[in-house]
Structure formats: C-alpha cells, structure tokens
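>>> After the sequence you'll find the predicted model.
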Amino acid sequence: MEIPYAVHPRPDTGIYNAKVGIWLFLASEVMLFGALFSAYVLLRVGAPAGEWPHGWLNVTLGTINTLVLATSAITTLMAWVACKTRQFGKFKFFHACTLLLALTFLCVKAYEYHDKWIHYEIHLTDGRIADGHLRASDADSVTIEGRYVTDETQLYDLRAQKDIKTGEIKIPRAQIKQMENYGPWHNTYLALYFTLTGLHALHILGGSIVIGYLWGPGRKLWKTDPEHFTNRVEVSGLFWHFVDLVWIFLFPVLYLT
Amino acid sequence: MSELKTAEPAHAPFAGEPGAHEHPVDFNSYLRRCVYVFIAVVCAVSLMLVASYLPHFGWPAKVAMILAIACTNAFVVAGFLMHLISEKKMIYTLLAFTVFFFTGLMGLTVWAMQDFPAGTTH
Amino acid sequence: METLVHEFPPYRGHQKAHEPGGHGHHEDIGFGRKYIFSTDHKIIGIQYGFTALCFMLFGFFLMLLMRWQIAHPGSPVPVMGPLLAKVLGQPAANGVISPELYNSFGAMHGTIMVFLAIVPLAFAAFGNYVVPLMIGAPDMAFPRVNMASYQAYVLGGIVMLVSFFIPGGAAQAGWTSYSPLATSIPTEGQLFWIIGMVLLITSSLLGAVNFIATIIQLRAPGMTWMRLPFFVWAQFVTAFLLLLAFPPLEAAAVMQLMDNALHTSFFLPTGLAVGGQLAHISGGGSPLLWQHLFWFLGHPEVYVLILPAMGIVCEIIANNTRKPIWGYKSLVYSVLAIGFLSFIVWAHHMYLTGMGTKISAFFQATTMIISIPSVIILTCLFISLWGGSIRFNTPMLFALAFLPMFGIGGLTGLPLGFNASDVYLHDTYYVIAHFHYVVAPGTIFALFAGIYYWFPKMTGRKMNEFWGRVHFWGSLVFMNLVFMPMFAQGIKGMLRRMADGGANYSAARVPDAIGALPGTIMELHSWILWAAMALGIAQIPFILNLFWSINHGERVGDNPWHATTLEWQAPTPPPHGNFAEPPRIHRGPYEYSVPGHAADFTPQNEPDQPGTPALSPAH
C-alpha cells in the first residue's frame, strides 16, 4: 500500500506530503518560541526601571555563533542542491560541514553556560557584595576574580560602566551571608536566557541528529529512491533553517538589547 | 481559506506523476546566491552590533532599530534559503495565520498587563 | 449487493486492498506489528478509542469519590474507603478523603477528562478511524508519526496515573495549575503533571500535523473542499487549533517546570511569601503570565472538545433525516470562523485578574462575536430536521439530544462571557454546570452517537438497539439531574473546589451570615450524588453492549445505515489500504432523497449515469 504524493507533488497543491508536514510543524514551533519571546517582553517591560541586566553576555561569542549558524544554513541548502543535481559527493561534503558547524555552535554555547555557572554573586556580612568568577574554593575561604560593589543595582547595566576593574579577591567563608551563581534561578533575565537558548540548543541537537542520520545510515535510500532522499534532505534543511531563524532573533534580543 | 478551493484536475493522478512543476536546478547559480545571502546576513549582523552601541539613543529606540534589522535578516533567510519567496500559496496562508495569532498572543498579553484600573497597583 | 463481511478485529479476513477479486497473499507481520505497534490508522483509532474510554471511566470514578466527599464531608467512603486507605495511605486515612486528596482528585479529574479522555476520543480516535475513509485515502499521510503520537499519549497517561502513587500524591493545583500555588506545593505531583502534559502536547501536535496534511494532500480524485463531509471540516479546524494553540502551553509548562525544579521565578512575583515566610526566589516573575499562556491554549481547547462532536452530530442527522444538511456552506464558514476567533477570546477566563476596562471590553466583544457562528451551526442542524423522515435509532437519539443540551450549555455561557455578570459568577458552581453541560451531555452524547453509528463499519455488526435506548434515556435523565441543580447552587454563591462542599459557608454553620448557603442548596448535594451514581449505573448497559456486540451483535452489510459518505462504501471492516482502487467522487456528501433516483441516498462515489451499478470496492 503506497501513500500517494509522498515523493512527487500533488498537482493542485504543488507540494509533496512531507513538505506540508514540516511547514505545519514549523508553524507550531513559531508559536512555541513566540510564547517564550512574549514571556521575555512581558517580564522585561514589567521589571522595575534599572533592574534589567545589560551586557551580561559575551557579544563576541554571540556574533561568532551567529555567523557559524548562518554558514551552516548555507551549507544545508547547498547539500540539498547537490542532491537535486545528483552530486552525492558534494552532498556528503556540505552536510559534513553542517554537522561540524553545529558542533562548534554547541561547544561555544557550552563554554558560555560554564562561564555563567562559575560566576558568583556573594553577599557579605558587612553589607558589601562581591561579584566575579570562582577561581578556588576550600573549607575556609572562596577566591573569585571580580570586584566589590556596595549595591546590587550596580551589577545590572554593565554596558553603561566603562573599564570595570577586576582583581583576585579572597573571602573567608565566615564573612559570607549568601552566595549564588548566575544560574537560571538568579534572576528572570537569566531564567529566560537559559530557557530560550537551552530549548534552542535542544533543537540544534535534534536537527543535528536528523541530519547526521541522513548523512550516515540514512544514505541507503539514495541508491533506491534518490528523489525521496532529496525530499528528506530538503525537509530536514527547512527545520535547520528555522532553527537558524530563531537564533537570528535570539541573538539581538538577548545579547544586544 | 477559500484560496484552498481547487479546480478539479482533468485527470487527477492518484499516485503522483513525476513533477513537471519544478524548475531545473543549477548548482553554481545556487552557490552564488548563497554567497550573496551570506553577505547580506553579515551586513545585517554588523548593523545590529553598531545599532546596539550607538551612544545617543535610549533603549526603546535601539530595540526598535535592532528588531527591524533582525526582521529584515529573517526575511532574507526565510525568503531565499527556505524558498519562501517561491513557495505555494497554501504555505503563505498558513504562515499568515500563524503570524496573526503570534501577534495576538504577544500584543494582547502585553496590553492586558498594561491596562489595569487606576489606583489598583502601587 | 451484499459484499463479503469480514470478522472483527480486522485482518482476520484475507483481503488486501490492492488485490481485487482473489484471496490475496497475506504476509504475516505478527501480532505485535499488527495490533500493538500498528501504523494502520484504523488500528490506531481503535487503540486511541479504547484507551480514552478507560481514562473516561477512571475520571468518572474520581468524580464519584469527590461527590461523596461533598455530600458527606469527613465521612469514610463506603466500599472504596478501605481500598483507598490501603493504596494511598495517609491522605485517605480511615477511608476519609482529606482536603489535599480531594484537591488532587479535582485536578486530575479535570486533566484526565479533558486531555486523556475527550480529546483523544473525539479528535484522535474518531478522526483517525473515519477521516481517511471519508476522504478516500489509503491511510494517514504519515503512518509512523501516527503511531508515535499514540505512544506519546499512552506515556503521558502513564505518567499521570503513576503520579497518584508517589509520596504526596498527584497534582493538586487544579487542571489549570496556576502559579504560585503550583510551585509552592511541596510535593512532586506537579512535576509529574507537567511532564505528563508535555508528552500529551507532543502527541497532539504530531496528530494535528498528520490530520491537516492528510486532509490537504490525500483527498481522492473529485473530492473537492466543498464536497467534504462536515465531520472532516470539523476535524480540520480542530487540528489547526491544536497545532497553533498548544505550543504556548508547552512553553509555559517548560517555564513552570523550571520554576518547580530549578527554582526560577518565571511566574513567582517579588516578595512572594509561602507559609508565612519570604520565599528564597529571585522574584520578578508574573503569575498572570502563566494564566495568559495557559488560557491561550485553554480556550481553543474547549473548541477542540466541541467541534468534532458537532461534526459527528451533523453526519448522523443527515443520515437519519434522509435529506441534505441545511446550510452546508454556512456550516463550513462558521466552523472556520470559530477556529479563527477562538484564538482571541481567551482572557474571558481572566476577568477577575484586575484587567482594565479597555482590554476586558475587547475580550468581551470577541467572546460575544464567537457565539454567533456557534449558534449558526446549531441552527443549521436544527433546521435540517425540518421536513425530514426521521429514523429514531440510538445514534440519532443521542445526536438529537446533543442539540438542546449543547444549547443549554452554550446559552449559559453568555452570562459568563459578559464581564459584569461574570464578576459574580466566576469560580462558582454555575461555571461548572455550564461547561459540563457543553462537554458531558454535549460532546459525550455526540461521542456515544458516533460509537453506535460507526460500530457496524468497524465490526460488521450493530450494537443492540434496546440496550442502546436504555443507555440513552438513563444518561439523558441523570446527566440533567446531576448538572441542572448546579446552576442554582452557583447563582446562590457556592464556590468551586471546596472540599467540604461549602459546609463552611452554609447557613447551618453560620446562620447569621449574609449570603450563607441555604439548606435547600446544601441538600442538593445528596440528590446530585444519587444522580451521579445512577448515571454510572446507566453506563453499564453500554459497556456490556459494546463488548458483547463485537461477536454477538446483529450482522449487517457494508452500509447498514444507507449512508452516502465514503466510509460506508468501503468493505467491512476496511482492509489495510481501505479501497481496492482510489474512489472517484462525483457529488457532495449529503445527496439523500434526490428526486428521480431509485434509492433515497446516492453515495459520493457512485458514477453519474443512473442505472449503472455502483462501483463498489472489490470483494
């Protein structure tokens, strides 16, 4: 029993089934990320003035990731073109590039997450706040590379502060009232950052697995039905481009504003 | 949805016939197009970076500028890399509804949080 | 024109769709691939149906336990009490339902009935079985995705059921899971609820993609959009509602999961105090954000509950009046309008959250506007009865009862849609009566109608007509006895979700309080409990009838109801691939009593020349 229009397009709609399916799925993904962006807008607009972080993320790394994903979008499209023109060797090359670029993106993301993970805000008993990256810790004391501030609001807008001087600070544990790292629990901006980029990274991972499957074990279909295989490459490519589109909005919203 | 009403095809094939609807694909012209798109993306990213560091604007203006550039960037990627420019009407209709509902979700929610009876919050 | 009738379950016969005439070579794919891990839409539809009916029964039992507690607060539950105490431990100590246990029963009754029973039955079960047959397709567009969606549904259901047995029990914060309560309850039940919901949402999304792609791409030659049976249109719009409305809830569920597990503050405001102490959270969140994201799904969800039911009723009314449906085009445009408008009415569930007058007026306006297409649909169905030769079989009885029952449910929604009157009625039993009228004697009646109607296509046998009528009258009478008094209770001020049934606010306890609940209202609890138990007993004939008729019901041919739609032109039960060759459609779906034709019905695929025998699929 064969499902019609699985490979060749239906005449009146002009599309094959999987393409309808993937665009429908992408529409639902627009609503998913749209809801998260709406949450971002709402929580940011509702935050008290001066209490929204700026400049907490490394713009250079973000820009690198943006260009990495843009390149991978190109290689994804070219992989499909190679299939369409029946040049399987070029397909293998381009999708190998796509997978490497995806890995690069995830590694940069992992580094950024780690950077936040070891970034601590320490409230001392004398009212000061120490803020910086954890360098060493033992039973008696905690050493961070950072600075002292008198008020938490000074930690929010890093863009407005020029030449922040940091040094090595050793703090005895007895003086520590409260110590918390820059995880999603730290404030709503970080909660949104981790959720948005985490969900996005999961989509990168999922897309990589699908493309990896087509590049590897799935390539058997090329020999028996190249048109069907090409459609699969196109459909997974559409998903990948969508993930790139989400990042095109994530990057400016989280890193630049 | 009336756009989806289709004329009865003369001999509607059940199992699809090889598509006569696709244009031939030329590898090198696609590669060239991809390079142009990539350059456009790099330009858009640079513009956003510049816009975010402009000294004389407040955040609302900067956010508006950056989002406008991001939208243009998105249209370029969607239009050319996802072939949305040459896609069928049905897909456009679906996406139009999606955009409308997304705008409703974001717009109405933000409006609801901003519109409250006077004197009820401190 | 009797065609070979096959045994139920399918595949016992030896016909394959693409080998007409002979006994096909039937490759043996094993019991597992045939019935458990099947990709055939009919098997998946039956799987969904059976699982959903089990969940519906379970949800019904939860309700009975709650109604006992409401009528006899603090008393041990008879018969079930010792079992509850043994299984659940402390929350049901001595067989008494504690307030926490009551709350978890309430939350899970709602969740199970909406997400595990009605939607899978109305949308997935009926849709999966009937829609491909009705459009002349061999299967759904993505059969393996179909199987995955069923499996995600089962997994989600298992997670929800397991949550009853973990320490602390199941979720307690209502089916709406409002923050900060949902995060403040110190047990894992809410986490299980969220994980279950994510699985169920995944299942629905996969199903929605499948339905829409199938209806767009796999219509048989000649099956144009305006020749589709209304049931298919209803399922099409329902699928769009699920596709676009569920993801924001999924996003919100992820955020609430982060709040619960990772102590973020998406929905937790600054200065939140729990148990008298400031909570150790970052603050800055918004409880209203959860409500907006929840109800953005929540409102389209209720249309997901009703639209397939309207579709089923339309099919059955056309068939049993032996005349075309009045206003087919109005029905189609109305269902499209309902689908579109349902996305912009959601905050009528939030009138009491402190929204301003402008935004409230907006949502009130859209809520009033959406009632128009709903009334148009109901009116078309009513007018369709005029001048018909009505056959009062069991499916038709349920379909006819749907009309006034849904009418009551819909009309009682109007005072809730108006901001001003909702200020009084919000969160009272009036709301419970309203939505149960729409779903219980509304949708569920339509689903019963559908089961009786399509049973002969699945099995080749009819369900017993006498017991069907017993089931019908029992259900109709007792549904009304259960829910009608609740309108009175709500108007008198009885609030929802009170574990003691309002005893705390009753005139018996506080005689001098203004607006205390009078004795007459409190006494209704006992009547409602009896009516609910009788309603349960009225379902027994149905359950027995269903199983007994599979092997002992009256044998019938391919088209016992003499219906026009395509599923009745397929063999019984339809084999893998449904039709021997793709049917060719020549006319609309409701060509009954066409002047000049010998029979009082003309199937959609019958060729145009009169006198030519209908091309039925190969024997």
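Arrived safely.
>>> how about the residues of the stretch 501-619 of chain C near chain A?
C:576-577, C:582 (C-beta under 8 Å from any C-beta of the partner chain). For glycine as for every other residue, the C-beta is placed from the backbone atoms N, C-alpha and C.
>>> Pull the contacting residues for the residue nearest to C:G284 when sequence neighbours are not counted.
Distance criterion C-beta to C-beta, 6 or more residues apart in numbering or on different chains; nearest residue to C:G284, sequence neighbours excluded, is A:T188 at 4.1 Å. A:T188 is in contact with A:43, A:47, C:264-266, C:282, C:284-285, counting by C-beta atoms under 8 Å, 6 or more residues apart in numbering or on different chains.
>>> cutoff 7 Å now
A:43, C:265-266, C:282, C:284-285 (C-beta atoms under 7 Å, 6 or more residues apart in numbering or on different chains).
>>> farthest-separated two in these?
Pairwise distances across these (C-beta to C-beta) peak at 11.3 Å, for the pair A:L43 and C:S282.
>>> ok, which residues in chain C are in contact with chain A?
Within chain C, the positions lying close to chain A (C-beta under 7 Å from any C-beta of the partner chain) are C:17-18, C:138-139, C:141-142, C:205, C:209, C:212-213, C:216-218, C:243-244, C:247-248, C:250-252, C:254-255, C:258, C:262-266, C:282, C:284-286, C:289, C:293, C:576-577.
>>> Kindly indicate the member of the residues of the stretch 501-619 of chain C next to chain A with the most neighbours.
Compared across those, C:H576 has the highest neighbour count, 23 neighbours, by other C-beta atoms under 10 Å in any protein chain shown.
>>> how far does the helix or strand hosting C:F192 sit from the chain's center?
Using DSSP states H and E, C:F192 maps to helix C:189-217. Relative to its chain's centre, helix C:189-217 lies at 14 Å (C-alpha atoms, centre = their mean, to the nearest Å).
>>> what's the answer for stretch B:51-71, then?
20 Å.
>>> Briefly note if that stretch comes near chain A.
Yes. With C-beta under 7 Å from any C-beta as the criterion, chain A is reached by stretch B:51-71 at B:52, B:59, B:62-63, B:66, B:70.
>>> Would you point out the most distant pair within the residues you listed?
For the residues of stretch B:51-71 next to chain A, the maximum inter-member distance is 15.5 Å, found between B:W59 and B:A70 (C-beta to C-beta).
>>> which one of those two has more residues nearby?
The neighbour comparison of B:W59 against B:A70 (other C-beta under 10 Å) goes to B:A70, with 22 against 14.
>>> So what's the residue count around C:W386?
So C:W386, with other C-beta under 10 Å, has 9 neighbours.
>>> Which pLDDT does the model give it?
For C:W386, the model assigns a pLDDT of 95.
>>> for it, phi and psi?
Main-chain torsions, C:W386, degrees, to the nearest 10: phi -60, psi 130.
>>> Let me see the contact set for the residue lying closest to it once chain neighbours are set aside.
Nearest in space to C:W386, with sequence neighbours left out and distances taken as C-beta to C-beta, 6+ apart, is C:W326 at 7.5 Å. Shown in contact with C:W326 (C-beta under 7 Å, 6+ apart): C:380, C:383-384.
>>> Am I right that C:W326 sits in a helix?
No. With DSSP: H, G, I helix; E, B strand; the rest coil as the criterion, C:W326 is assigned coil and is not in a helix.
>>> how much space between it and C:P269?
Distance, C:W326 to C:P269, by C-beta to C-beta, to the nearest Å: 53 Å.
>>> in chain C, which helix or strand is least confident?
Sorting the helices and strands of chain C by mean pLDDT, DSSP states H and E puts helix C:30-31 at the bottom, at a mean of 82.
>>> just how off-centre is it within its chain?
Remark: helix C:30-31 is offset 31 Å from the chain centroid, using C-alpha atoms, centre = their mean.
>>> so for the very next helix or strand once past that helix, what's the average pLDDT?
Counting by DSSP H and E, the next helix or strand C-terminal to helix C:30-31 is helix C:41-71. Helix C:41-71 shows a mean pLDDT of 96.
>>> So what angle separates the directions of helix C:41-71 and helix C:189-217?
140 degrees (axes from the mean of the first three to the mean of the last three C-alpha atoms, to 10 degrees).
>>> List the buried residues of the helix or strand that contains B:T93.
Assigned by DSSP H and E, B:T93 belongs to helix B:89-114. Neighbour counts over helix B:89-114 (16 or more other C-beta atoms under 10 Å in any protein chain shown) mark B:90-91, B:94-95, B:97-98, B:101-102, B:105-106, B:108-110, B:112-113 as buried.
>>> Let me know the closest of those residues to C:D558.
Nearest to C:D558, judged by C-beta to C-beta, of the buried residues of helix B:89-114 is B:M90 at 34.5 Å.
>>> what about that closest one, distance to chain A?
Between B:M90 and chain A the distance is 6 Å, computed by C-beta to the nearest C-beta, to the nearest Å.
>>> same deal with C:C54?
From C:C54 over to chain A (counting by C-beta to the nearest C-beta), the distance is 28 Å.
>>> just the residues of the stretch 501-619 of chain C next to chain A now: which is nearest C:A507?
C:H576 (64.9 Å).
>>> I'd say the closest one and C:H41 touch.
No. Using C-beta atoms under 7 Å, C:H576 is not in contact with C:H41; the gap is 9.9 Å.
>>> Sitting in strands, which of the contacts of C:W326 do you find?
Judged by DSSP state E, the contacts of C:W326 include no members of strands.
>>> so can I have JSON lines of those showing neighbour count and distance to C:L524?
Below are those laid out as JSON lines (neighbours: other C-beta atoms under 10 Å in any protein chain shown; distance: C-beta to C-beta, whole Å):
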{"residue": "C:C380", "neighbour count": "21", "distance to C:L524": "36"}
{"residue": "C:I383", "neighbour count": "13", "distance to C:L524": "36"}
{"residue": "C:S384", "neighbour count": "21", "distance to C:L524": "37"}
